[in-house]
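In: let me see the structure of the following:
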Amino acid sequence: MIVAILVVSTIAGFGWWMWRADRLGVFEVLIIGKTRPVPDAKRYEVLSAEAKRWRENLAEDYRKAKTPEQRLVVEEDARIILEFIMPEMMRCWLGTGYDFNGTAEKPGHGKIACGYFVSTVLRDAGFRVNRYKLAQQPSQNILRSFIESENCVLKVGQDFGTYVDWVEGLDEGIYLIGLDTHVGFIVNGNDGLHFFHSSAARSIGVVEEGSEDAGAIEGSNWRMLGSFSGDSGVIRNWLAGKKVTVVE
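Out: Got it, this is the predicted structure:
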């Protein structure tokens, strides 16, 4: 457990500095107007390899665990790793353009649709899923492929401000959100929600938005949310390398 904490701390530091650089880039776009986020395929590959390495190491620890308490410790370590690595993988896509038929495999290598952005990040984070089949599903089926239906919360026609307050009051972590005709990730932190998605608006592509900029969420009447990193079934499937059955 001590080793896990020390290494996680290293990853946390790495993630903070890379996050800080990306956020400064976004700040320049909005305020200074000199630069825009640049997709980072090389860093994405490094992060994907780290996710694979951690999954294999933790999977071995999980197999060796002899008690439910020991398994819970490994599951919590797995959650910590995913909550550090996955948002950084999402940020590597920032600046990648949108196309309704976009199926880019890597950040900046072509354009990508919203469903493919979600399915590709999930695959490259170590989830065994057919990214093509998953990306082509309605948003509710994308959520239900990973999260049990009873753990997906649907709200229809709710005032946007009320909805944001509710989301930001939930536990910190990674969430999947399905909208009328759209899908993306929400990363809930102590500074509020961050909405990662490939935006069709002006074909802008992959963006990270706070609640004040999340027009796609605000404009959607139908909103389904599921806790991803907080779901024990998701964590166990990742550790086991279990193939995800896509709901159709």
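In: in three-state terms, label the residue sitting nearest the centre point of the chain for me.
Out: Central residue of the chain (C-alpha atoms, centre = their mean): Phe185, 4.8 Å from the mean position. Here Phe185 takes the strand state, with states given by DSSP: H, G, I helix; E, B strand; the rest coil.
In: and it, how far from Arg63?
Out: 29 Å (C-beta to C-beta, to the nearest Å). No exception for glycine: its C-beta is placed from N, CA and C like everyone else's.
In: next: His194.
Out: His194 is 34 Å from Arg63, by C-beta to C-beta.
In: out of the two, which sits in the busier spot?
Out: His194 (20 against 11; other C-beta atoms under 10 Å).
In: hmm, the more buried one is touching Ile177, no?
Out: No. Contact criterion C-beta atoms under 8 Å: His194 and Ile177 do not qualify, at 11.5 Å.
In: touching both of these two, which residues are there?
Out: Counting by C-beta atoms under 8 Å, 6 or more residues apart in numbering, the shared contacts of His194 and Ile177 are Ile186.
In: please export the C-alpha coordinates of the strand or helix carrying Arg43 as CSV.
Out: Using DSSP states H and E, Arg43 sits within helix 41-64. Extracted C-alpha coordinates of helix 41-64, given in CSV (Å, rounded to 0.1, in the frame of the first residue of the first chain):
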residue,chain,number,x,y,z
ALA,A,41,-0.7,12.1,-29.6
LYS,A,42,2.7,11.2,-28.1
ARG,A,43,1.6,12.0,-24.5
TYR,A,44,-1.6,10.2,-25.1
GLU,A,45,0.3,7.0,-26.0
VAL,A,46,2.4,7.4,-22.8
LEU,A,47,-0.7,7.7,-20.7
SER,A,48,-2.4,4.8,-22.4
ALA,A,49,0.7,2.7,-21.7
GLU,A,50,0.7,3.8,-18.1
ALA,A,51,-2.9,2.8,-17.8
LYS,A,52,-2.1,-0.6,-19.2
ARG,A,53,0.8,-1.1,-16.9
TRP,A,54,-1.2,-0.1,-13.8
ARG,A,55,-4.1,-2.2,-14.8
GLU,A,56,-1.9,-5.3,-15.1
ASN,A,57,-0.1,-4.6,-11.8
LEU,A,58,-3.3,-4.0,-9.9
ALA,A,59,-5.0,-7.0,-11.5
GLU,A,60,-2.3,-9.2,-10.1
ASP,A,61,-2.7,-7.6,-6.6
TYR,A,62,-6.5,-8.2,-7.0
ARG,A,63,-6.0,-11.9,-7.8
LYS,A,64,-3.7,-12.3,-4.7
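In: after that helix, next one along is what?
Out: Next along from helix 41-64, by DSSP H and E: helix 68-92.
In: mind listing what's buried in that next one?
Out: The neighbour-count check on helix 68-92 (16 or more other C-beta atoms under 10 Å) flags 71, 73-75, 77-92 as buried.
In: where do the helices sit along this structure?
Out: Under the criterion DSSP state H, the chain contains helices at 2-27, 41-64, 68-92, 114-124, 131-135, 139-146, 160-168, 215-218, 232-240.
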